[in-house]
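Undergrad: structure for this input, please:
(chains A, B, C and D)
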2 protein chains.
Amino acid sequence: MTSTARFAEISALAGDPARASMLHALMDGRALTAGELSRVAGVTPQTTSGHLARLATAGLVSVEQQGRHRYHRLATPSIARMLESIMQVAADLEPQRRRLSVGPRDASLRLARTCYDHLAGTLGVALAEALAQASHIELGPDAGMVTEGGIAFLRQLGVAVEDPSKSRRIACRPCLDWSERRAHLAGSIGAALCTRSFEAGWIRRLDGTRAVAITPKGRQVFAERFGAVLP
Amino acid sequence: MTSTARFAEISALAGDPARASMLHALMDGRALTAGELSRVAGVTPQTTSGHLARLATAGLVSVEQQGRHRYHRLATPSIARMLESIMQVAADLEPQRRRLSVGPRDASLRLARTCYDHLAGTLGVALAEALAQASHIELGPDAGMVTEGGIAFLRQLGVAVEDPSKSRRIACRPCLDWSERRAHLAGSIGAALCTRSFEAGWIRRLDGTRAVAITPKGRQVFAERFGAVLP
DNA sequence: TCGATGCTACGGTCGCTTCCGAAGCATCGC
DNA sequence: GCGATGCTTCGGAAGCGACCGTAGCATCGA
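TA: Numbers count the residues shown, from 1 in each chain, chains lettered A, B, ... in the order given. Predicted coordinates for the structure are as follows:
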């Protein structure tokens, strides 16, 4: 199979509304059952089954059986990145109409949520900007970098920053997704910060959605240690 | 229209083999006529016309009329980046079979070519590695950064590096496309280097393809000034 | 002015894929 | 063991989209 044909195949898999909904739901990095994906996509279980089989065969999602449930997740980080970049284009091309009206149902999603392996939403943006403000990271249009001081700072807070060799220091990148038009922190640093935030109880998952809640303790840490201004 | 629906729409546009071929051809950043794209895609002009109309309506390509020709190009850099990321996934998921056998027809393409606005192929990789070797840039898995010395070095060679404010210094990122599995230089620095290379006559376009030829002068500059080892 | 070229608009055919109902298989709880 | 739950397979219906032939419009060169 030629390179272009595989390209078209991948795109076509993401190009069906039902499958797009499923991939979208998997963007938070968790593993979801076929039934859950069936509900988010709004199609019957048997239709969902077919879609998931195609996604799995192509290698876009990986499946893990647990009892009578089958858990599906995005197979690789590069797939999450691809979905991100498509969402970026979709946002760019979106006519300006009603950029603001996102129902109250989505308020918690806008405040804080996971984006594959890192934090997004108002919280994600506020943290990225606070870190940049304090010169702990440097953010550019295409990439970002952790400074020496930033590494020390993050480690002090228990964030598992990898070995800060030259190449590893450059390990964050901006990531735009649908609700925010400003960069938040992805890459290995973003993932480590997200992991640490769950572990330390700064944030916690909300009832099986992408949204996360900021705990009182987290709010305090984010404000006092990071200097992040949250509404 | 909901966010997911637009996502699916964009993906579906890239998911047709004929349109995928056209987008693939446009990845070098040049503007191509409907007829050229028709030949690339292997469909009749009237079919091509329909596809291009859809791509233009969606905003993926922009059209410019010149006499009886209509020139099409990718509308925004973010679209090129999206196509890149899809190609990346396609490469990741590709079974290992025949990773090496790319016909002699493609030898010049593999040596050096444009990738939207920057250089790819063996040349692109060699330049990126030489710059990293000399500490002019620092490359990480997700991002890259130009050093102070790198800015001076590039400016001395006539590369139009933007104002090196904090945020602007972070302006290159690795980009993998189909033939090389190693990073080459994208982002504004990559684009500026590519522009300068054409301007200074280090490289020149080959008969209307993505491939570029390295001139004797270019070969000398790349070797002596950049320290890039070329076959 | 006239033919050639580049592109687009329209209409009809054909093939693919999405979808669901019905049925079947494994697993869990009792 | 027995019903309930979660998921898959099979089959058929319906709809959409890609494709080309024909025709038409604008532009270029002579």
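
Undergrad: for the residue in chain A that DNA strand C sits nearest to, grab phi and psi.
TA: Using Cβ to the nearest atom of the strand, the single residue of chain A nearest to DNA strand C is A:G67, 2.6 Å away. From N, CA and C alone the C-beta is placed, and that goes for glycine too. Main-chain torsions, A:G67, degrees, to the nearest 10: phi 60, psi -130.

Undergrad: may I have the beta-bridge partners of A:C115?
TA: Going by DSSP bridges, A:C115 is paired in beta bridges with A:H118.

Undergrad: so what's it up against?
TA: Going by Cβ atoms under 8 Å, 6 or more residues apart in numbering or on different chains, A:C115 touches A:27-28, A:84, A:124, A:175, A:177, A:184, A:186.

Undergrad: for A:D117, same thing?
TA: Counting by Cβ under 8 Å, 6+ apart, A:D117 makes contact with A:29, A:77, A:80, A:186, A:190-191, A:194.

Undergrad: what parts of chain A come near DNA strand D?
TA: Taking Cβ under 7 Å from any atom of the strand as the measure of proximity, chain A contacts DNA strand D at A:33-35, A:38, A:45-46, A:48-50, A:52-53, A:63, A:68-70.

Undergrad: redo that, cut-off 10 Å
TA: Counting by Cβ under 10 Å from any atom of the strand, the residues of chain A close to DNA strand D are A:12, A:15, A:17, A:32-39, A:44-54, A:56, A:63, A:65-72.

Undergrad: out of these, which touch chain B?
TA: A:12, A:15, A:17 (Cβ under 8 Å from any Cβ of the partner chain).

Undergrad: go back to those and keep what's next to DNA strand C.
TA: Near DNA strand C, by the rule Cβ under 10 Å from any atom of the strand, you find A:12, A:15, A:17 out of these.

Undergrad: now render those residues as TSV, adding secondary structure, neighbour count and pLDDT.
TA: Shown next, in TSV, are these (DSSP: H, G, I helix; E, B strand; the rest coil; neighbours: other Cβ atoms under 10 Å in any protein chain shown; pLDDT from 0 to 100):
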residue	secondary structure	neighbour count	pLDDT
A:A12	helix	19	98
A:G15	coil	21	97
A:P17	helix	18	97
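
Undergrad: in a markdown table: those residues, plus distance to A:A91.
TA: Shown next, in a markdown table, are these (distance: Cβ to Cβ, whole Å):
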| residue | distance to A:A91 |
| --- | --- |
| A:A12 | 21 |
| A:G15 | 17 |
| A:P17 | 18 |
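
Undergrad: lowest-scoring secondary structure element of chain A by mean pLDDT?
TA: The least trusted helix or strand in chain A, going by mean pLDDT, DSSP states H and E, turns out to be helix A:166-169, with a mean of 55.

Undergrad: which of the residues of chain A next to DNA strand D are buried, as a PyMOL select command?
TA: Per 16 or more other Cβ atoms under 10 Å in any protein chain shown, the buried members of the residues of chain A next to DNA strand D correspond to this PyMOL selection:
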select buried, chain A and resi 12+15+17+32+34+36+37+38+48+51+52+54+70+71+72
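
Undergrad: tell me which parts of chain A are close to DNA strand C?
TA: A:9, A:12-13, A:15-19, A:21, A:38, A:41-51, A:54, A:65-69.

Undergrad: let's go with 6 Å and repeat that
TA: A:16-18, A:43-44, A:46-47, A:67-68 (Cβ under 6 Å from any atom of the strand).

Undergrad: going by distance to B:A5, which of those residues wins?
TA: B:A5 lies nearest to A:P17 out of those, by Cβ to Cβ, at 6.2 Å.

Undergrad: mind listing the strands for chain A?
TA: Using DSSP state E, the strands of chain A run over A:32-33, A:61-66, A:69-74, A:113-115, A:118-120, A:137-139, A:144-146, A:174-175, A:184-185, A:203-205, A:212-214.

Undergrad: for the third one, name the packing helices and strands.
TA: What that stands for is strand A:69-74. If you count contacts as 3 or more Cβ pairs under 8 Å, 6 or more residues apart in numbering or on different chains; DSSP states H and E, strand A:69-74 packs onto helix A:17-26, strand A:32-33, helix A:34-41, helix A:45-58, strand A:61-66.

Undergrad: again, 10 Å this time
TA: On a contact count with 3 or more Cβ pairs under 10 Å, 6 or more residues apart in numbering or on different chains; DSSP states H and E, strand A:69-74 meets helix A:17-26, strand A:32-33, helix A:34-41, helix A:45-58, strand A:61-66, helix A:77-93.

Undergrad: for the ones you listed, which one sits closest to B:G150?
TA: Among the helices and strands packed on strand A:69-74, helix A:77-93 comes nearest to B:G150, with 25.8 Å by Cβ to Cβ.

Undergrad: quick one: that closest one to helix A:17-26, angle?
TA: Put simply, helix A:77-93 runs at 110 degrees to helix A:17-26, going by axes from the mean of the first three to the mean of the last three Cα atoms, to 10 degrees.

Undergrad: tabulate the CA atom coordinates of helix A:77-93 in CSV.
TA: What follows is helix A:77-93, C-alpha atoms only, in CSV (Å, rounded to 0.1, in the frame of the first residue of the first chain):
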residue,chain,number,x,y,z
PRO,A,77,0.5,9.5,21.8
SER,A,78,1.1,10.4,18.2
ILE,A,79,-2.5,9.6,17.5
ALA,A,80,-3.7,12.0,20.3
ARG,A,81,-1.4,14.5,18.7
MET,A,82,-3.0,13.9,15.3
LEU,A,83,-6.5,14.4,16.7
GLU,A,84,-5.3,17.5,18.4
SER,A,85,-4.0,19.0,15.2
ILE,A,86,-7.2,18.2,13.4
MET,A,87,-9.2,19.9,16.1
GLN,A,88,-6.9,22.8,15.7
VAL,A,89,-7.7,23.1,12.1
ALA,A,90,-11.4,22.7,12.7
ALA,A,91,-11.2,25.5,15.2
ASP,A,92,-9.2,27.7,12.8
LEU,A,93,-11.7,27.3,10.0
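
Undergrad: what are the buried residues along it?
TA: Buried residues in helix A:77-93, counted by 16+ other Cβ under 10 Å: A:77-93.

Undergrad: test my guess that A:E36 contacts A:L52.
TA: No. Look at A:E36 against A:L52 with Cβ atoms under 10 Å: they stay out of range, at 11.2 Å.

Undergrad: what sits against the residue lying closest to A:G150 once chain neighbours are set aside?
TA: In space, and not counting its chain neighbours, A:G150 is closest to A:H136: 3.3 Å by Cβ to Cβ, 6 or more residues apart in numbering or on different chains. Contacts of A:H136 were listed using Cβ atoms under 10 Å, 6 or more residues apart in numbering or on different chains, and they are A:130, A:146-154, A:189, A:226-227.

Undergrad: nearest the geometric middle of chain A, what residue?
TA: A:C115 (1.1 Å; Cα atoms, centre = their mean).

Undergrad: quick one, grab the pLDDT at that one.
TA: In the prediction, the pLDDT value recorded for A:C115 is 86.

Undergrad: next one: it from A:G15, what distance?
TA: Applying Cβ to Cβ, to the nearest Å, the value for A:C115 to A:G15 is 21 Å.

Undergrad: coming back round to it: dump the residues of chain A next to DNA strand C to CSV, plus distance to B:D163.
TA: Listed next are these as CSV, based on distance: Cβ to Cβ, whole Å:
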residue, distance to B:D163
A:D16, 44
A:P17, 44
A:A18, 47
A:V43, 51
A:T44, 56
A:Q46, 58
A:T47, 53
A:G67, 59
A:R68, 60
